[in-house]
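> 3D, please:
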Amino acid sequence: MNNYTSIELMDSLKVGREGIMYLESCINKGEINLSDLSLLDDLTDLLDLIENVVEKVTKPQRVKEINSNIKFYIESLKNSVVIEDVESFLYNFRFHFKSLYRILEYEVAYILENDIDKYQYPELYPDINTIDHNIIMEKGNESRFKVSIVLLAYNNINYTRDCVESIIKHTNNIDYELILVDNGSTDGTKEYFESIPNAKVIHLKYNIHLVKGFNIGLMAAEGKYSAAVCNDFIFTPNWLYNLILCIESDPTIGFVSPGATSISNMQQIDIPFNSKEEFEKEAERYNVSNSRKWEERVVLLPNVLCCPTALLDSIGYYDTRFYRGEFLDDDISFRIRRAGYKLIYCGDTITHHYGSLTTSIDHQSNSLEEGRKTFYEKYGLDAWVDARMNRAYLQIQFDKLSDAKSILGIDTKCGATLLQIKNYIWSAHGITPKVFSATTDQKYLADLKTFAASSVTFDYFGQLSSKIENKMDLIYIDRPLNFYDDDLETILTVCAQLLKNDGKVVCMIKNMISIESIYSMLGSANDNHNAKLYISDVFCSQANMLGYNIDFITNISFEKDRSTETKISELAHILAEGNVRESQYVRSKISSEFTIYQMTYHNSKL
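Residues are numbered from 1 along each chain as shown. Take a look at the predicted model:
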C-alpha cells in the first residue's frame, strides 16, 4: 500500500471519529434529530472502503469482523430511533458502536504504521506519548466505581457460570461494576449474561477474538481500577480485596495479579483439593494479605489484569497486533513498566485456573511462534530468552543474604532474575535491597532502567570500577563467567573492588561438556565455540587466592525431555565402556548445565 493511500485512509478514519464525536455531543445536549443520523450511512460507506483497501494487506488483521459488528450496531441504532427506544440507543451508542469504532481505528493504525508518520496521529499510537501520572490519578479519583470487573467469554457456558458465580460470591467490601463481554457465543452465554442483575453486558454479534474482546470490555469500564478476567477461572474469598490493598499501597504500582493453581511464570500456587468446595475453603485460609508475598516482576501473567483504568486507556489497552493473543501478556507488562509503573505479583492470593478455555480458539499450532515473532519485531527482544527468570536462582542460599541491602546485577538481560533475587531477600529477611545493574548489551538498558537505581553499560570488566560508585553487599552475575573475554582473575578482582567487606558474589560457569553445550557446538552458537573451559577446583583455588571463601557450590540440571535423557544414557554408556559406576559419573557430568557458586569476599587489608 502506498503512502498516499495510507494517509487518505487515516484521515478518513479521523473524519469518521469527528462525526461520532458530533453525534455524541448532540446526544449529550438532547438535540439529536433524524438528519444527524445520516452520518451513520456515511460511516457504513467508510467501513466498506476500509475493508476493500486493507483486504490486500498481508498483515494478520480482523477488520472484517470488527466492521461486521459496527454495521450490526448501526442498524440497531437506527431501529432504536424508529421504535423510540432511547435507553437501548444510548447504551448501544456508548458501549458498542463508539468502542468498536475505536477498536477499528487501532486496527487500521497498526496495519498502516509503516506507511505514515505516527506523530501526525498520536491518539492512535499511544507508545509515542508520555504518560502523565498526575492525570492518571485525577481520572481515577473521578471514577464511578472502585473497580470494573471485565469478564470475557466465548461459549463454554458452564465454566462461565461457575466463574461469574464465584465473582459475585467472593467480591465483598468492594464497590464494583461487573462488565460481561459475550464474544459472539452461540451457547446461550448472551442470555445468561443478561440474567445477571446490574451487570453491564457487551454483546458482540461476531467473534472479534481475545485482544479486541477484552479491549471493548475495558473501554466500557467506569471504575478507578479495571480487573480483566477470563471465564476459565474460579475466584476466591478476598481475591479482589487483596489486589486492591496491594495496588493502593504504592502509587507507582500499575499492574497486580494473583497466583493460580495452573499457570507459568513462577505464578503457580499449589494447594491440594478434591472439590470446588474444598478449594474455596483452602483458598479462604490462604488468602490473607501479606506484603512479604508481593513480588515485583519484569513480566506478569494476568490471571487478573488489575490496573488503573485511566492507565490502560492511556497506553491503548491490549496491543491489537498480537493477533492470537500469544505474548500479549509480555507486551502489556513491558508497556506498563516502561510507562513508569511497577508490576506486582500477589503471591498472597490464589485463584483456580482450568486452563486456556477463553483463548483456545486463538491458540493454534503455530500461535506461540507467531506471538514470539511479533514481540521480537516490536521490541528487538526474545520474550522467552530475555524477559524470563533463570531458574538457577532457586539454588541460592538466601538465608546467608540477611545483610544484602544493595545488589549489583551484571548481565541479567531485562532483569527478571535480578528482581526475583530482590523479592526473595524481602520475603526471607524483610529487607528491600537497592538494585543496581550493569550490562554489556545496550538493548537491555531501557528495561533495566525501569527498576534499577542506576544502570550502566560496559565493554569489559575493568570499566566497572569507574562506572559503579557504590560498594555492594551482593553481586549477581547471570551470564556464565566462561563466556566473557575477561579472564577469571580480572572478573573476580573487579568484583572484589565493588564489594563491601563480607559482601557476596553469586555467579555461574557453563558446563561445556553438557549435552546442551555439545549440541550448540555442533551447531553455529558462537558463544559456545568461544567459551572458556573452567575446572571447578581451579576456580575455587583462584577465588581463595583473591580473598573469597566458597560458601556453596551446586550443579544445575534442568528437566529434559525423554529423548534427550535417552541420548545422555546412551552416550554415557559408550564413554564408560559399559562400566556402570563410571557410566553414572559420566551421566551426571553430561546432564549438568551450570555450576553455581556463592562466595563471600573478605578484604584482608581491613
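> for the chain, what helix or strand is lowest in average pLDDT?
Every helix and strand in the chain was compared by mean pLDDT, DSSP states H and E; the lowest is helix 526-530, with a mean of 60.
> Low-confidence regions, this protein specifically.
Scanning the chain with the threshold set as pLDDT under 70 gives 1, 356-365, 513-530, 586, 606.
> tell me the domain ranges of it?
Using automatic domain parsing, the domains assigned to the chain come out as 3-124, 130-386, 391-601.
> now the end-to-end length of the first one.
Between the start and the finish of domain 3-124 there is a gap of 17 Å, counting by C-alpha to C-alpha, to the nearest Å.
> Next: the last one.
With C-alpha to C-alpha as the measure, the ends of domain 391-601 fall 25 Å from one another.
> same deal with the longest one?
Terminal residues of domain 130-386 lie 25 Å apart, using C-alpha to C-alpha.
> who touches the one helix or strand residue 539 maps to?
Residue 539 is part of helix 536-545, with elements assigned from DSSP states H and E. The contact list for helix 536-545, computed with C-beta atoms under 8 Å, 6 or more residues apart in numbering, reads 488, 489, 492, 509, 550, 553, 595, 597, 599. Placement of C-beta: from N, CA and C, glycine included.
> Nearest to residue 473, out of these: which one, please.
For those, the closest approach to residue 473 (C-beta to C-beta) belongs to residue 599, at 13.1 Å.
> and that closest one, that's in a strand?
Yes. Assessed with DSSP: H, G, I helix; E, B strand; the rest coil, residue 599 lies in a strand.
> who's the nearest residue to it once chain neighbours are set aside bridged to?
By the measure of C-beta to C-beta, 6 or more residues apart in numbering, the closest residue to residue 599 outside its immediate chain neighbours is residue 548, 4.3 Å from it. Listed beta-bridge partners, residue 548: residue 601 (assigned using DSSP bridges).
> how about the helix holding residue 539 as PDB, C-alpha atoms only?
What follows is helix 536-545, C-alpha atoms only, in PDB (Å, rounded to 0.1, in the frame of the first residue of the first chain):
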ATOM      1  CA  SER A 536      35.900 -26.300  39.400                       C
ATOM      2  CA  ASP A 537      38.900 -27.000  41.600                       C
ATOM      3  CA  VAL A 538      41.000 -24.400  39.700                       C
ATOM      4  CA  PHE A 539      38.200 -21.900  40.000                       C
ATOM      5  CA  CYS A 540      37.900 -22.300  43.800                       C
ATOM      6  CA  SER A 541      41.700 -22.100  44.200                       C
ATOM      7  CA  GLN A 542      41.900 -18.900  42.300                       C
ATOM      8  CA  ALA A 543      38.900 -17.400  44.200                       C
ATOM      9  CA  ASN A 544      40.500 -18.300  47.500                       C
ATOM     10  CA  MET A 545      43.700 -16.600  46.500                       C
END
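> Run the chain-centre distance for that helix.
Remark: helix 536-545 is offset 40 Å from the chain centroid, using C-alpha atoms, centre = their mean, to the nearest Å.
> hang on, the earlier thing: now the domains of the chain as CSV including mean neighbour count?
Listed next are the domains of the chain as CSV, based on neighbours: other C-beta atoms under 10 Å:
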stretch, mean neighbour count
domain 3-124, 16
domain 130-386, 20
domain 391-601, 17
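> where's residue 166 relative to residue 221, distance?
Using C-beta to C-beta, to the nearest Å, we find residue 166 at a distance of 20 Å from residue 221.
> That should have said residue 161, apologies.
Using C-beta to C-beta, we find residue 161 at a distance of 23 Å from residue 221.
> Over to residue 353?
Relative to residue 221, residue 353 is positioned 23 Å away (C-beta to C-beta).
> what do you get for residue 370?
Taken as C-beta to C-beta, the span from residue 370 to residue 221 is 29 Å.
> just residue 9 next, same as before
For residue 9 relative to residue 221 (C-beta to C-beta), the value is 29 Å.
> which outside residues touch stretch 152-169?
Against stretch 152-169 from outside (C-beta under 8 Å, 6+ apart): 149, 151, 178, 180-189, 192-193, 196, 207, 210, 213-214, 217, 228-236, 276, 354, 357-358, 361.
> quick one: residue 427 is in a helix?
Yes. Secondary structure of residue 427 (three-state DSSP): part of a helix.
> secondary structure element for residue 423?
helix 416-429.
> what helices or strands is that helix leaning on?
Where contact means 3 or more C-beta pairs under 8 Å, 6 or more residues apart in numbering; DSSP states H and E, helix 416-429 is packed against strand 294-297, strand 406-410, strand 434-439, strand 472-477.
> which one of those lies closest to residue 266?
It is, among the helices and strands packed on helix 416-429 and with distance given as C-beta to C-beta, strand 294-297, at 8.4 Å.
> Can you list the helices and strands that that closest one packs against?
strand 342-353, helix 416-429.
> Check the offset of that strand from the chain's centre.
12 Å.
> Give me the residues contacting the helix or strand that it is followed by.
Downstream of strand 294-297, the next assigned helix or strand under DSSP H and E is strand 305-308. Contact with strand 305-308 is made by 136, 140, 147, 214, 224-229, 240, 243-244, 247, 254-257, 332, 336, as judged by C-beta under 8 Å, 6+ apart.
> Restricted to strands, list those.
If you go by DSSP state E, these have 147, 224, 225, 226, 227, 228, 229, 254, 255, 256, 257 in strands.
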